[in-house]
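**Q** need a 3D model of the following:
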Amino acid sequence: MKKSPVDAVTSITSRAKASMMVALLASLACQMTSASDAATHPAPPHASPFPPQIQLNVPFAPTAFPGEDGEHLLYELQVTNFENTPITLDHVDILNAIHTDTAPLASFAGHLLNNIVRLAGADDVTDTGNVAKPININAGATAVLFLSVTAPSKAAMPERVVQRVAFTNGEVVEGAAVGTHSSTLKVLGAPVVGTDWIGDDGPSNAADNHHRRGIFVVDGNMTISRRFAIDWKQMEQGLPYHGDIHADRSYYAYDKPVLAVATATVVYVRDGLPDNPPGHFPNFHPARPVTFDNAGGNTIVLDLGDGQFAHYYHLKAGTIQVKKGQRVNIGDVIAHVGASGDAREPHLHFEVTTAIPLLVGEGIPYVIDHFKVIGGEGHSPGVRRNETPLDGMLVDFENGGRD
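**A** Next up is the predicted model:
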C-alpha cells in the first residue's frame with residue numbers, strides 16, 4: 001500500500017528521532033567517559049574566537065637612569081579588564097621590544113608580583129613578604145603594576161621595551177611597547193651641604209616606598225610626581241635626631257642650608273607656613289591642617305629648562321632667600337630645611353617633575369654630578385659621578401664626593 005505524503009513525512013521524522021536518540025546516547029557515553037578522566041586530565045581553557053579583551057597601557061613613558069649597579073628603569077603599566085568576568089594575573093615579563101624571543105629583562109610572579117600591584121580603588125600595595133596571593137582584576141577594573149628593570153653595568157638598556165602579561169586562564173597579552181629614553185637627564189648639583197645625609201624613600205621599587213607608589217589623579221589624569229623624589233635627612237649614629245624626639249631642633253637636618261641644584265630661574269615661591277612638631281602617625285599633629293594645596297609646605301620651584309622643574313618642599317618659614325623670576329646659580333643658598341606642610345619631621349623633600357604646581361607633574365629622573373656614598377644597607381661605599389642616589393644611601397656632600 002502506497003504511503004501518503006503525510007505518512008512519508010511521519011516515517012522520515014520517526015527515523016530522524018531514532019537517529020537523534022542514538023547520537024544523544026553516544027554523546028552521553030562520551031561525556032561520562034570524559035568526566036571520569038577530568039580529575040587527571042583537565043580540559044584546556046576554552047579558546048575564544050576573539051582576542052583577550054585586556055588593555056595594556058603605559059601612561060607615562062620612562063627614562064633610564066644610571067645607578068650604582070647599572071641602568072635602572074621605573075615605570076607603571078595599567079592593566080584594564082574589558083571582559084565580563086574577572087581575570088587573575090599569573091606573571092608579567094618585560095621584554096626587549098626588538099628581540100622579544102630573548103630572555104626577559106625582568107619577570108614578576110608569585111609574591112614578587114603581589115608586591116608590584118595596586119588595584120584601582122583599593123588600598124595601597126603592601127609588601128606580602130614571601131606569600132603569594134591571587135591577584136584578581138574584576139570586570140571593568142584596572143590594576144596598576146609598578147615595573148622595574150635593571151640593566152647590569154656595561155649592559156645597555158634597550159631602546160624600547162614591551163610587556164607580556166599572562167593570566168591563570170591561559171590567556172597572554174603582549175603590548176604597550178614604550179621607549180626607555182623619553183626625557184633629558186639633567187646633571188644637577190647637591191641640594192644640601194654636609195655629610196651623613198640619607199636618601200629616605202629615594203628611587204626604588206620597594207612596596208613600602210610612599211614616593212614610588214604616590215598616585216594622584218589630577219584633572220582626570222593619573223600622575224606620580226614623586227616617582228623619583230628623595231627625603232633628605234641628616235643622620236648620626238643611625239638616627240636623625242638627638243634629645244627630644246618631638247622638638248624640631250633635635251633633628252640634625254633642621255635649619256641646614258638648601259642649595260640651588262642648577263643655574264636656573266625661580267618660577268614659584270611659597271612662604272609663611274609654620275613648622276610642625278615632629279610626630280609620625282598616630283602622633284602627627286600638624287601646625288595647620290594638611291590639604292592638597294599646602295602639602296609641600298614652604299616651597300621653591302626652579303625652572304631647569306626642557307620642561308623640567310626642581311621642587312623643594314617643607315622649607316623653614318622666613319629662610320627663603322629668593323623670589324619668583326630671580327636667577328640663581330648652582331650652589332647658591334636659597335633656603336633652610338624645615339618641617340612645614342605634610343612633614344612628619346624636619347627634612348628636605350626634593351624632586352624633579354614636568355610641571356610647576358605641586359603633585360601635578362610626572363616625576364622624572366636626574367643625576368647628581370658628584371657625591372660620595374659612605375653607607376646605607378645594601379649600598380657599596382665609593383665616589384659616584386653623574387649618577388642618581390638610590391633609596392637608603394648614606395651620602396657625603398661635604399667635599400662633593402671629591403677625593
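**Q** for H349, grab phi and psi.
**A** Reported as degrees, to the nearest 10, the phi and psi values for H349 are phi -90, psi 120.
**Q** how many neighbours does it have?
**A** If you count neighbours by other Cβ atoms under 10 Å, H349 ends up with 26. All C-beta spots, glycine's among them, are computed from the backbone N, C-alpha and C.
**Q** that one contacts N298, correct?
**A** No - using Cβ atoms under 8 Å as the test, H349 is too far from N298 to be in contact (11.2 Å).
**Q** count of neighbours near the residue nearest to F281 when sequence neighbours are not counted?
**A** Among residues not flanking F281 along the chain, R344 sits closest, at 7.8 Å (Cβ to Cβ, 6 or more residues apart in numbering). Neighbour count of R344, defined by other Cβ under 10 Å: 17.
**Q** show the pLDDT at R344.
**A** Here the pLDDT value assigned to R344 is 96.
**Q** any idea how far G202 is from it?
**A** R344 sits 17 Å away from G202, going by Cβ to Cβ, to the nearest Å.
**Q** and if you look at V187?
**A** Applying Cβ to Cβ to V187 and G202 gives a distance of 17 Å.
**Q** these two: who's more crowded?
**A** G202 (25 against 14).
**Q** where does the more buried one sit: helix, strand or coil?
**A** coil (DSSP: H, G, I helix; E, B strand; the rest coil).
**Q** residues in contact with it?
**A** 211, 228-231, 389-393 (Cβ atoms under 8 Å, 6 or more residues apart in numbering).
**Q** ok, 7 Å please
**A** 230, 389-393 (Cβ atoms under 7 Å, 6 or more residues apart in numbering).
**Q** tell me the bridge partners for H370.
**A** R385 (DSSP bridges).
**Q** residues near it, how many?
**A** Around H370 there are 18 residues (other Cβ under 10 Å).
**Q** against F397, how distant is it?
**A** Distance of H370 to F397, given as Cβ to Cβ: 9 Å.
**Q** what is the end-to-end distance of stretch 341-351?
**A** End-to-end distance of stretch 341-351: 16 Å, with Cα to Cα, to the nearest Å as the criterion.
**Q** got TSV for the contacts of G202, with secondary structure, distance to V165 and neighbour count too?
**A** TSV is the format used below for these (DSSP: H, G, I helix; E, B strand; the rest coil; distance: Cβ to Cβ, whole Å; neighbours: other Cβ atoms under 10 Å):
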residue	secondary structure	distance to V165	neighbour count
I230	strand	31	26
P389	coil	32	26
L390	coil	27	21
D391	coil	26	22
G392	coil	30	17
M393	coil	32	29
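**Q** all set, thanks.
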